[in-house]
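Peer 1: How does the following fold in three dimensions:
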Amino acid sequence: MLRTARCAASRLRIAPGVEPGARAAWANRTASAAIVGAYLAASAHAVPDADARAALHYAVVTTAGYGHLLGAARLPGRGLAGRASFALALANALAVYGLALERLPEIVLLLLAASAWHAVENDLGLAAAYARGHSLPPHPRGARALAACAAATAVVVAAAAAALASVPLGPVGPLAFGDVFAAATLHHLVSFALLLGARARALARSDAAAGTRLAARLAAWHAVPVLVLALLPRLGAPGTALHGALVAPPLYLFFSVLHVVQTGLRRG
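Peer 2: Below is the predicted model of the structure:
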């Protein structure tokens, strides 16, 4: 029996006792951290002013993020009546959120917390995803997983709160919210993009046409926000105002939380 287990581990190219997909998961995390770190370092060098750098971060993160959200979205409801009901509920939720945001701007931290929790849940499922055909498993519900999600989320929210309050952090000075938002959000986006890229390559090895179709769908979903956000400022003042709202963290995080809820219901 021991010999069989060793042979199986050898075929999986992992050491006995190591979870299948663990090496690929750590390679994903390392690559994501390197890409995000390089981006943050380059942006800090190129745009020293924190406010100007925040505008750059918001444009980059939301442009990539809306592609991520669109690709994963599944419209609830069936038929015209169902879709109309969903649109009305969404409009009401946006209106309530806007009113709440005016009275309590710090509510954005709650949305950031939900987004950060979701990112950690996905990260914890990477090994299983690489081992089971690049599809994320149900959300982890064990005590250790929940503790990891809570700890990482607390760090992100504490850093964001300190940045919003301009709390000095010793020799590094105050944190910039734009940098915290970009670091917390981009890691998830890049990590998932790497996972999808691995899925497309694996699919192409067995079915080249299917792999091409998946890659084309991914490119199309991410091209939509690029085009929309590029064209909106050309539509005059209303387009510029809508562009500004779409790339600001509060509205992006609102849609991100809808994505978190839908993903949670779908994956369990």
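Peer 1: need the helix or strand of this structure with the lowest average pLDDT.
Peer 2: The helix or strand of the chain with the poorest confidence is helix 2-12; it has a mean of 38 (mean pLDDT, DSSP states H and E).
Peer 1: tell me which strands and helices the very next helix or strand once past that helix is in contact with?
Peer 2: Scanning forward in sequence from helix 2-12 by DSSP states H and E, the next helix or strand is helix 22-46. Using 3 or more C-beta pairs under 8 Å, 6 or more residues apart in numbering; DSSP states H and E, the elements in contact with helix 22-46 are helix 50-72, helix 126-131, helix 177-206. In this view, the C-beta of every residue, glycine as well, is placed from N, C-alpha and C.
Peer 1: hmm, try it at 6 Å
Peer 2: Helix 22-46 is packed against helix 126-131, helix 177-206, with contacts defined by 3 or more C-beta pairs under 6 Å, 6 or more residues apart in numbering; DSSP states H and E.
Peer 1: Give me whichever of those helices is most buried.
Peer 2: Highest mean neighbour count among these (mean count of other C-beta atoms under 10 Å): helix 126-131, with a mean of 21.
Peer 1: Assess the claim that residue 59 and residue 247 are in contact.
Peer 2: Yes: using C-beta atoms under 6 Å, residue 59 is in contact with residue 247, at 5.3 Å.
Peer 1: Between these two, which is the more surrounded one?
Peer 2: residue 247 (22 against 14; other C-beta atoms under 10 Å).
Peer 1: Please report phi then psi for that one.
Peer 2: Phi and psi for residue 247, reported as degrees, to the nearest 10, are phi -90, psi 0.
Peer 1: next SSE after the host helix or strand of residue 94?
Peer 2: Taking DSSP H and E as the criterion, the element that holds residue 94 is helix 79-103. Downstream of helix 79-103, the first helix or strand assigned by DSSP H and E is helix 107-124.
Peer 1: Point out the other helices and strands that that next one packs with.
Peer 2: helix 143-164, helix 249-267.
Peer 1: in it, what's buried?
Peer 2: 108-109, 111-124 (16 or more other C-beta atoms under 10 Å).
Peer 1: ok, and the closest non-adjacent residue to residue 224?
Peer 2: residue 70 (6.0 Å; C-beta to C-beta, 6 or more residues apart in numbering).
Peer 1: ok, the one you found to residue 30 distance?
Peer 2: 28 Å (C-beta to C-beta, to the nearest Å).
Peer 1: same thing with residue 142?
Peer 2: 24 Å.
Peer 1: now swap in residue 243 and tell me
Peer 2: Residue 243 sits 35 Å away from residue 30, taking C-beta to C-beta as the criterion.
Peer 1: Repeat that for residue 21.
Peer 2: Taking C-beta to C-beta, one finds residue 21 at 15 Å from residue 30.
Peer 1: the more surrounded of those two?
Peer 2: Remark: of residue 21 and residue 30, residue 21 carries more neighbours, 20 against 10, as counted by other C-beta under 10 Å.
Peer 1: Ramachandran coordinates for that one?
Peer 2: phi 90, psi 0.
Peer 1: What separation is there between it and residue 127?
Peer 2: 4 Å.
Peer 1: which residues are in contact with both of these two?
Peer 2: Counting by C-beta atoms under 6 Å, 6 or more residues apart in numbering, no residue touches both residue 21 and residue 127.
Peer 1: low-confidence ranges in this structure?
Peer 2: 1-19, 75-79, 81, 167-174, 268 (pLDDT under 70).
Peer 1: separation between residue 111 and residue 101?
Peer 2: Residue 111 is 10 Å from residue 101, by C-beta to C-beta.
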